[in-house]
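1. 3D, please:
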Amino acid sequence: MLAAKAQNWSESSHRFLKLCADSGNVEACYTLGMIRFYCLQNRGSGASLMAKAAISSHASALYSLAVIQFNGSGGTKSDKDLHAGVALCARAAFLGHIDALRELGHCLQDGYGVKQNIAEGRRFLVQANTRELAIVLAANPSAVSPSSWLTCNPHRHAAGGGCPLLSDFGCNVPAPEAHPANQFLSEWFWGRNGGIPGPGLRLCSHSGCGRPETRRHEFRRCSVCGAVNYCSRACQALDWKLRHKVECTPAERWADEDGENEDNDMVNGEEAMEES
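-> Model (predicted):
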């Protein structure tokens, strides 16, 4: 897997990734597509490279294009295409992409871009968590204590770097490792701009994401505290389990500086994030 580093980014590394992409390396297409779209703000070229990877059934590329469609990234609020986002997400989920499974599950539960089907949505959420656990066990069987299989504690919160799964499983696993492209985005924006991608813009609050807003108020906020924002329901679900569940405190109704809040994107953390 290609792993470009933001701190070492240069024209030569850009050319190398482009050569790899031109030679048909789908991972290079996806990684360079993400870098161009979000970091270099070359939206057209970046989206085209991600689409090239998606055509080759690259699950992360399909999911990233879904996030772009859900948010209307690179355009205006009216450029959102929820149906296209769901279709791309479904394809990525079919390929086993965990975030896509989680995103599709929340879309089905909420009726977001697709006809509401709560039972089917929960099935996708269970599948996402099952795959998440299976990956951890395959990589490190000792990551989950055997006793956790026998003890169900649905009220347990995240501790340290662990990520509590469904209360049906009652176990705790390490946080999933971010894709190199997402690691690059995080390093790029935190290393160069202190986590501020541009005037009035915000990064996704999930530490494993790194996606920035491409316009003001593009991402959804937690409607309880208003202190965090997310590019997707999947990122919101993960951050809720990893961190925000123990940090979120109700606050007085927050107001946007210029009144341009995209209200339909706000989600209550407790209602949207519980997957059990």
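
2. Could you use CA atoms for every contact and neighbour count after this?
-> Fine.

3. okay, and the helix or strand of the chain with the least pLDDT?
-> In the chain, no helix or strand scores lower on mean pLDDT, DSSP states H and E than helix 269-273, which sits at a mean of 46.

4. List the buried residues for stretch 233-247?
-> Neighbour counts over stretch 233-247 (16 or more other CA atoms under 10 Å) mark 233-245 as buried.

5. Any regions of the chain where pLDDT drops low?
-> 1-3, 142-175, 252-276 (pLDDT under 70).

6. how's it carved up into domains?
-> Annotated domains of the chain cover 6-144, 180-273 [automatic domain parsing].

7. Could you export the buried residues of stretch 233-247 as a markdown table, including secondary structure?
-> Shown next, in a markdown table, are the buried residues of stretch 233-247 (DSSP: H, G, I helix; E, B strand; the rest coil):
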| residue | secondary structure |
| --- | --- |
| Arg233 | helix |
| Ala234 | helix |
| Cys235 | helix |
| Gln236 | helix |
| Ala237 | helix |
| Leu238 | helix |
| Asp239 | helix |
| Trp240 | helix |
| Lys241 | helix |
| Leu242 | helix |
| Arg243 | helix |
| His244 | helix |
| Lys245 | helix |
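
8. and which of those residues is nearest to Gly198?
-> Cys235 (20.9 Å; CA to CA).

9. My guess is the closest one contacts His206. True?
-> Yes - counting by CA atoms under 8 Å, His206 is a contact partner of Cys235 at 5.7 Å.

10. list the contacts for the residue nearest to Cys209 when sequence neighbours are not counted?
-> Distance criterion CA to CA, 6 or more residues apart in numbering; nearest residue to Cys209, sequence neighbours excluded, is Asn182 at 5.3 Å. Contacts for Asn182 were tallied using CA atoms under 8 Å, 6 or more residues apart in numbering; they are Gly208, Cys209, Gly210, Arg211.
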